[in-house]
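1. below: sequence and its predicted model.
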Amino acid sequence: DGGITQSPKYLFRKEGQNVTLSCEQNLNHDAMYWYRQDPGQGLRLIYYSQIVNDFQKGDIAEGYSVSREKKESFPLTVTSAQKNPTAFYLCASSTGGLEGSYEQYFGPGTRLTVT
Amino acid sequence: GIQVEQSPPDLILQEGANSTLRCNFSDSVNNLQWFHQNPWGQLINLFYIPSGTKQNGRLSATTVATERYSLLYISSSQTTDSGVYFCALTLINQAGTALIFGKGTTLSVSS
């Protein structure tokens, strides 16, 4: 069935290590997004990609990197430069306005804990 | 930038009660979404409602874009309605689109 998958669900890392979060979608959506959620807060945009091989920084891109080599995949790397990486990370996708809709759909999220 | 404010921040209800959640935004918008975040963190799409009124079972939503607000109505609330409700606006620019989220309304429904 169609949807967005994120793995792993929980991730633990030591400070100073880079870590890559996976996001895959089989909805044939062009646009993909990464958001970060801290306790008691709304979601904030890290990076987004409107098409393959292109991506843009969001509001809080510092310390993160992404790639978009395939339409269905948009992995996020949390680097050691990210000062406060412990958070809940959510991936989303949309048609990006094609077919007249900008509605975004979300994956189940990855909880990252860095100690 | 666009500001999104949700009220109330917290809401406690008895099962069976009705409630109204509000979302105010600072700029005219083309697109607005309502989400329910369940206790496991999953964001569930409730409504995509740039304007007008939509209904889905016990839930309905109304967006008045000219007055810059949207309302989410929950009738006959159930314990499974508990969680955080977010509204989010679509920001469209030359580079693409992204959602601007409010801080959410935390709903607790007790039996």
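-> Structure's in. What do you need?
2. use CA for all of it now, contacts and neighbours both
-> Fine.
3. right, is stretch A:18-29 up against chain B?
-> No. Judged by CA under 8 Å from any CA of the partner chain, stretch A:18-29 stays clear of chain B, getting no closer than 13.1 Å.
4. what average pLDDT does that stretch get?
-> Mean pLDDT, stretch A:18-29: 96.
5. what residues sit buried inside that stretch?
-> For stretch A:18-29, burial by neighbour count (16 or more other CA atoms under 10 Å in any protein chain shown) applies to A:19-25, A:27, A:29.
6. and what of stretch B:70-89?
-> B:70-75, B:77-78, B:81-89.
7. please apply the same query to stretch B:86-100.
-> Result for stretch B:86-100 [16+ other CA under 10 Å]: buried residues B:86-92, B:96-100.
8. output it as PDB, restricted to C-alpha atoms.
-> Extracted in PDB, the C-alpha atoms of stretch B:86-100 (Å, rounded to 0.1, in the frame of the first residue of the first chain):
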ATOM      1  CA  PHE B  86      -2.100  21.500  14.500                       C
ATOM      2  CA  CYS B  87      -3.100  23.900  11.800                       C
ATOM      3  CA  ALA B  88      -0.500  24.600   9.100                       C
ATOM      4  CA  LEU B  89      -0.300  27.100   6.200                       C
ATOM      5  CA  THR B  90       1.400  26.500   2.900                       C
ATOM      6  CA  LEU B  91       4.100  29.000   2.100                       C
ATOM      7  CA  ILE B  92       4.700  29.100  -1.700                       C
ATOM      8  CA  ASN B  93       7.800  30.700  -3.200                       C
ATOM      9  CA  GLN B  94      10.000  30.300  -6.300                       C
ATOM     10  CA  ALA B  95      12.000  27.500  -4.600                       C
ATOM     11  CA  GLY B  96       9.000  25.500  -3.800                       C
ATOM     12  CA  THR B  97       6.400  25.000  -1.000                       C
ATOM     13  CA  ALA B  98       6.600  24.300   2.800                       C
ATOM     14  CA  LEU B  99       4.200  24.300   5.700                       C
ATOM     15  CA  ILE B 100       4.200  26.900   8.500                       C
END
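9. which residues touch that stretch?
-> With contact meaning CA atoms under 8 Å, 6 or more residues apart in numbering or on different chains, stretch B:86-100 is reached by A:33, A:42-45, A:48-50, A:56, A:96, A:102, B:2-4, B:6, B:23, B:29-37, B:101-105.
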